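S.K.: A predicted structure for the sequence below; I have some questions about it.
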Amino acid sequence: MSNNLLPRIMVVDDSRIVRATIIKRIRDRFDVREEADGEDGWEALLVDPSIQLVITDHSMPRLDGYGLLERIRSSKVARIRDLPVIMISGDEGEEARKRAKDLGATDFITKGTGTAELLTRLDTLMELGRSLDALEEAKAGAAIDAVTGLPQRIFLLRQAEQSLSYFHRHGGHVGILVVGLDHFGELVDAEGEHLGDALLVRFAKVLAGAVRKEDSLARWDTSQFAVITPGIDPVKTHQFAERLRVAVAAASIQYQGRALHLTVTVGLASSPEDGELDAEHMLAIAERRMMTASAAGGNCVAGGVARTESGSVMSIEEALGCLEAGREAVVRPGAREFAVRMLPLLRLIGAELHADAAIAEIERRLAQENAEQNQTKKQTR
């Protein structure tokens, strides 16, 4: 069979002898490209889309196998990010295997692995890759929302899981937003489904124009959308959500000669601040916060801590000013934080008004919630 018809594998190893040995064992079944270190291997992946699997040594100059694996798994190019990667090494220690697995290695074998076993593993991984490609192609059409043209929740869950997994390993933040259109059901009941679809299409375009290229956006439910913002801390996530809320509230949508004014409620969740949880749990936290805030009146951002427009933590004086102006929703996310900061004053007030029991109950509940949050974080690590 011509090499052009064989599936292509890249072997990355700084030893010419090791590369030659591996190639000799698999060349009848695979077309092999060889590179001498991780940096050359990475450049080859960028320009050669025919590579279907990577075999890499773990210890090499310039860029070792772990560094190459990390680049592959964090690539924004799906073709590269989803490649099967086999880490091959003379080190059979459990620590090396664990490190390779944590970075996303598909398999780990030693240089002493026999030819028959090596070929079997390669065939299995190549077949798995073909099956997954076929499955993704089949899902692609079904997973696009017919009204908005955005992905549906199944793809967002996958993107969220990948982002959370990466940042749990390497540190950093992931922001999650669930955005709900306020009073959407009432509008549809009064005006009909045509208005509902028109609003969803318009709002989907607004969201798509607001997110970054590295963010993930999908239709989450009937009148809800979700956004995953990798690498964004809670302050910036809150600022983005607030800008979106203000922009929607200030805009008007023309429909059959009328100007319609909409508002949105945004629920936020942040990792690791809300715990190192999986994607479903993090999205559930954001959705629950959105639903609770929407039921209380909506047109607000729920989650995180109370912040000023500049992003700094809101002072007690600023919080009181917001309450006097009727902006309770802005202060509500930081209620527990304010209670902790004001405990010395609350204790004094309790003593003066003989209301020690009430203040003690507040302290007990704050301590209980703090203990529960710490326990949740420990269980999910």
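M.R.: Cool, got the structure.
S.K.: pLDDT at the nearest residue in space to residue 174 that is not next to it in sequence, what is it?
M.R.: Nearest non-adjacent residue to residue 174, counting by C-beta to C-beta, 6 or more residues apart in numbering: residue 271, 4.5 Å away. C-beta here means a position set from N, CA and C on the backbone, and glycine is covered the same way. Looking at residue 271, its pLDDT reads 87.
S.K.: what sits against residue 271?
M.R.: 164, 167, 168, 173, 174, 176, 277, 282 (C-beta atoms under 8 Å, 6 or more residues apart in numbering).
S.K.: So which of the residues you listed is surrounded by the most neighbours?
M.R.: Within the contacts of residue 271, most neighbours by other C-beta atoms under 10 Å means residue 176, with 30 neighbours.
S.K.: That residue: what's it in contact with?
M.R.: Applying C-beta under 8 Å, 6+ apart to residue 176 gives the contacts 160, 226-229, 268-271, 282-283, 285-286.
S.K.: Of those residues, which belong to strands?
M.R.: 226, 227, 228, 229, 268, 269, 270, 271 (DSSP state E).
S.K.: Put together CSV for those, with distance to residue 298 on each row.
M.R.: Below are the ones in strands among the contacts of residue 176 laid out as CSV (distance: C-beta to C-beta, whole Å):
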residue, distance to residue 298
226, 17
227, 18
228, 23
229, 22
268, 15
269, 18
270, 21
271, 25
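S.K.: And the residue nearest the centre of the chain?
M.R.: Compute the mean C-alpha point of the chain, and by C-alpha atoms, centre = their mean the closest residue is residue 160, 3.1 Å away.
S.K.: What is the neighbour count of the closest residue in space to that one that isn't next to it in sequence?
M.R.: Nearest non-adjacent residue to residue 160, counting by C-beta to C-beta, 6+ apart: residue 279, 3.7 Å away. Other residues near residue 279 number 21, with proximity taken as other C-beta under 10 Å.
S.K.: ditto for residue 338
M.R.: For residue 338, using other C-beta under 10 Å, the count is 17.
S.K.: try residue 355
M.R.: 13.
S.K.: Could you measure from it over to residue 37?
M.R.: 70 Å (C-beta to C-beta, to the nearest Å).
S.K.: Over to residue 361?
M.R.: Residue 361 is 64 Å from residue 37, by C-beta to C-beta.
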